[in-house]
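[1] I would like to see how this sequence folds:
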Amino acid sequence: MKKIFTSALLVVGCAAMLSAQTRPADSVRRTAFPTGFAGNVTRTQPKPYKTVITDKAITRRGLFKTHKVDDKYYFEIGDSLLNREILVVSRISRAGAEVREAGGYAGDQIGSSVIRFEKGPSNRIFMRKISYRTYSPDSTKAMYQAVQRSNIQAIAAAFNVAAYSPDAKGSVIDVTDYINSDNDVFFFSSPMAKQRFRLGGLLADRSYIENIRSFSNNIEISTVKTYSLAAAPSPFGRATTPTPVLGGAANAGSGSETVELNTSLLVLPKVPMQARYFDPRVGYFTTGYTDFDINPQGIKEIQLIARWRLEPKPQDMARYKRGELVEPKKQIVYYIDPATPKKWQPYLIAGVNDWQKAFEKAGFKNAIVAKIAPTSKQDSTWSLDDANHSVIVYKPSETENASGPHISDRRSGEILETHINWFHNVQKLVHDWYMIQAAAIDPRARKMVFSDELMGDLIRFVSSHEVGHTLGLRHNFGSSSTVPTEMLRNKAFVEANGHTPSIMDYARFNYVAQPEDNIKPSGIYPRIGDYDKWAIEWGYRLRPEFKSPAAEVSALNKVTVERLKDRRLFFGTESNSDDPHSQSEDLSDNAMKASTYGIKNLQRIIVNLPEWTSEKNEGYDNLENMYNQLTAQFGRYMGHVSKNIGGIYEDPKTVEQTGAVYTYVPAATQKEAMLFLDQQLFTTPMWMLGEKILSDIGQSPVQVVYKLQNTVLDRVVTNHNLYKLISGEAANGNSAYKITDFFADMQNMIFKEVKANQPIDVYRRNLQKMYVAKLIELVKPTPAPTASPFAQAGSGRREGNVPDPEKEDTDVMSVAKAQLRSIDTMIKTALPGTSDSLSNYHLQDLSDRITVALNPRS
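    The predicted model follows:
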């Protein structure tokens, strides 16, 4: 049951390889020398600087000098930058129609890596691609040398020194061929990254370097790349895409696609920020490595939280230590893409600035701010693609989403920049959510086009959520479970506190509130809440008295244990499929009560959908879309409830805290969930099958109900779920909700008509067939395992030959067979008294299926 928190496995590089260098010589010697890229296969002696960087050179100064001489591009790398780690981030600047169709837009990241330039032998500069998979931070220990010997960094490319700088403190290298090549350092990080956009081999004759710009601590490379275009996937589900040709000849018959790419080279801090170790009780994204030093008797997997470097100004440190609010040395600044419609810009800005209150908990005022990006007239050096700038990028996309990725220093977790993806059609997403979840209590939501004020408010909350991700915060799907259901109807409480303590939850709107509660929008919308403020305080408050991340662990744990006595600060991980506390799109501490209120509101909404979705001179697309949204919301309620059946709560703790980490959902709660499903789902929800709506949109009522019921059965009648009921009985004995209790309840609920000798309508016949089909699936024999080609000779062990207790050799199959026998007996008893012909045919068919399943042919 133990959950493993995901982290990127990253690695710190090994010691630099330094060697004495020969200084410039006039003679030229050419020998065969394979490099890390195609096109430059000779080794040459350096020439005098002026013969390489001639008077024709267009030179730009910055991180290091860049030169353009005719059609050649040179980097002049100062010795002070050798062996410095440089972050490389690659993005699409402009995308063509085919790439856009595959989901690629301007601003999308296509690669990220860390490189290091160093001097090699015979007047060469090596570019190493740095791995961070293992780490020994203390160079004074013997383990450090052992780790370095086992983790030599790959040389990704080698460059001849074309010339040395006049002061002999820099090396000039020709990067033209490398930038023009199709390499995985500066451009697409892997073949899969290109395949996503159907891109194949590079067409060199239609590709070129557009520009290289140098800034104070970064280099920006703009290129135009044309690739062969692979065939589109088959509409029949079988891929017809030919294997891309990497760097080779193009598939001439498949066409081509051109993209403009931007590559940022950003020097990492010489001294990494002091890291902070991850704690599973507070939800942060992480980077990580395997540490060989921290545990003298083994290794330890270290996870570092992702966060911005926020530090007081030196003159304010004493005030900060006294607990006074101070401004940071460097603000976190987000720029709004100029392409964003002007009427939405203030709401995006507000979504960023709303986090200022949270950072005050960490001791900083004005720590975060949003600004409109400058125009080219205002600042000709400013670029949307510059990795020095964090931007909310507006994308002309039909995708109904937004996302908040970030780039961090893998040595420390320091967040360096973010490009938030803001897709245009996210407005449809929030419109549909709000209409279905709030129209019963907010008259403004009862139309297909919201006012700018309402849409702006919805944009603001999405902005805050995505910014939260870029501050390092993960989803907190457990936050909403800390609020009692009835408090969501308490006007004073929700208007003061919001309906969930975290905007990082997927708790969209207060669907529990009823019309008679008269709750204002402040009690309907999500907002930055108590958990968010606590998470920022935990991650960003500096503890200057500790000089290493390990040294502050004890103090942080003490604070965390004390603060988590407030249940509203609970972090319910987004990754636990068994915990009903950790669910997306849900509200309150009781899914059954909350969903009952939610259904009452859906029943109010559905009768008004034809009116609210009607637009002059339009058909019924709006009605169909919103009806589908309504049934999807109903399905979410069923999912929230069904997760309680066989559920296991997870509450991460350290040994200083009382109570268990894992506990089974009480039997009474599971029984409550079963009763809810019986009343709201298995008893056909006729209220959502209005003839007028379904006839206008052309949907079958039978299919609507079938999909909803089948989804729930697919969740609760599985080996995994039933095995948890067996485990719960083993742990809790007679107080548990047992697998036999579950099957008895299911039979009583699903076969009511059979026991009462009543006609069975089409909805219930389908439900009974679905349920029996799930049981038959449980009793199917497990295929015999095949021998592994990697099995050790003479070991007698075959790969996959170890039984999986959730799939075989457990009581699940035994009880499922008993359930089938019981149903068959019940059917045979009922058949003589069944006068309805369709019911009779149906029951005979079920009996035949059960007989075949229990007596498979040999």
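
[2] Against Leu556, how distant is Tyr320?
    Remark: distance between Tyr320 and Leu556 (CB to CB, to the nearest Å) = 17 Å. Glycine gets a C-beta too; all of them are placed from N, C-alpha and C.

[3] Likewise for Gln514?
    42 Å.

[4] higher neighbour count, these two?
    Ranked by neighbour count (other CB atoms under 10 Å), Gln514 and Leu556 place Leu556 first, with 19 against 16.

[5] Domain map for this structure?
    Following the assignment in automatic domain parsing, the chain carries domains at 8-15+29-266, 316-606, 621-782+805-854.

[6] Including mean pLDDT and distance to Trp612, could those go into a markdown table?
    A markdown table is the format used below for those (pLDDT from 0 to 100; distance: least, CB to CB, whole Å):
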| stretch | mean pLDDT | distance to Trp612 |
| --- | --- | --- |
| domain 8-15+29-266 | 80 | 32 |
| domain 316-606 | 95 | 5 |
| domain 621-782+805-854 | 95 | 8 |
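
[7] Single out the most deeply packed of these.
    domain 316-606 (a mean of 19; mean count of other CB atoms under 10 Å).

[8] Do me a favour and get the end-to-end distance for that domain?
    59 Å (CA to CA, to the nearest Å).

[9] Could you verify my assumption that Arg206 touches Tyr227?
    No. Between Arg206 and Tyr227 there is no contact under CB atoms under 8 Å: 9.1 Å.

[10] who touches both of those two?
    256, 258 (CB atoms under 8 Å, 6 or more residues apart in numbering).

[11] how about the nearest residue to Lys72, chain neighbours excluded?
    Thr176 (5.1 Å; CB to CB, 6 or more residues apart in numbering).

[12] Hmm, Val69 and the one you found touching each other?
    No. Assessed by CB under 8 Å, Thr176 is found out of contact with Val69, at 9.7 Å.

[13] ranges for the helices of the stretch 151-300 of the chain?
    Assigned by DSSP state H, counting those that start in this stretch, the helices in the stretch 151-300 of the chain fall at 176-180, 191-195.

[14] Nearest to Ser595, out of the ones you listed?
    Closest approach to Ser595 among the helices of the stretch 151-300 of the chain (CB to CB): helix 191-195, 39.9 Å.

[15] from the chain's centre, how far out does that closest one sit?
    19 Å (CA atoms, centre = their mean, to the nearest Å).

[16] Ok, stretch 194-206 next?
    Using CA atoms, centre = their mean, the offset of stretch 194-206 from its chain centre is 27 Å.

[17] ok so, going back, residue contacts, the residue nearest to Lys72?
    71-73, 209.

[18] okay if I get these as CSV plus distance to Asp108 and secondary structure?
    As requested, the contacts of Thr176 are exported to CSV (distance: CB to CB, whole Å; DSSP: H, G, I helix; E, B strand; the rest coil):
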residue, distance to Asp108, secondary structure
Asp71, 29, coil
Lys72, 30, strand
Tyr73, 25, strand
Ile209, 21, strand
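
[19] Select the longest helix from this structure.
    If you go by DSSP state H, the chain has its longest helix at helix 621-642.

[20] That one - contacts with which helices or strands?
    Under the contact definition 3 or more CB pairs under 8 Å, 6 or more residues apart in numbering; DSSP states H and E, helix 621-642 sits against helix 426-438, helix 591-606, helix 609-612, helix 667-677, helix 691-697, helix 701-716.

[21] Take the ones you listed and write them to a markdown table, including distance to Ser584.
    Converted to a markdown table, these look like this (distance: least, CB to CB, whole Å):
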| stretch | distance to Ser584 |
| --- | --- |
| helix 426-438 | 12 |
| helix 591-606 | 12 |
| helix 609-612 | 25 |
| helix 667-677 | 18 |
| helix 691-697 | 27 |
| helix 701-716 | 15 |
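
[22] between those helices, which one is nearest to Ile519?
    Per CB to CB, nearest to Ile519 of the helices and strands packed on helix 621-642: helix 426-438, 9.7 Å.

[23] Send me the helix or strand following the closest one as CSV with only the CA atoms.
    Remark: after helix 426-438, the chain's next helix or strand is helix 452-470, criterion DSSP states H and E. Listed next in CSV are the C-alpha coordinates belonging to helix 452-470 (Å, rounded to 0.1, in the frame of the first residue of the first chain):
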residue,chain,number,x,y,z
ASP,A,452,-17.0,39.6,-19.2
GLU,A,453,-17.0,40.1,-15.5
LEU,A,454,-18.0,36.5,-14.8
MET,A,455,-15.6,35.0,-17.4
GLY,A,456,-12.9,37.3,-16.0
ASP,A,457,-13.5,35.9,-12.5
LEU,A,458,-13.2,32.3,-13.8
ILE,A,459,-10.0,33.2,-15.7
ARG,A,460,-8.6,34.6,-12.5
PHE,A,461,-9.0,31.4,-10.6
VAL,A,462,-7.5,29.3,-13.3
SER,A,463,-4.6,31.7,-13.5
SER,A,464,-4.0,31.4,-9.7
HIS,A,465,-4.1,27.6,-10.0
GLU,A,466,-1.6,27.4,-12.8
VAL,A,467,0.7,29.9,-11.2
GLY,A,468,0.6,27.7,-8.1
HIS,A,469,2.1,24.9,-10.1
THR,A,470,4.9,27.1,-11.3
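
[24] before we move on, the earlier item: and the helices and strands packed on helix 621-642: which comes nearest Gln378?
    Per CB to CB, nearest to Gln378 of the helices and strands packed on helix 621-642: helix 426-438, 27.9 Å.

[25] which secondary structure elements does the closest one contact?
    helix 452-470, helix 591-606, helix 621-642.

[26] Take the ones you listed and write them to CSV, including distance to Ser614.
    Converted to CSV, the helices and strands packed on helix 426-438 look like this (distance: least, CB to CB, whole Å):
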stretch, distance to Ser614
helix 452-470, 19
helix 591-606, 14
helix 621-642, 7
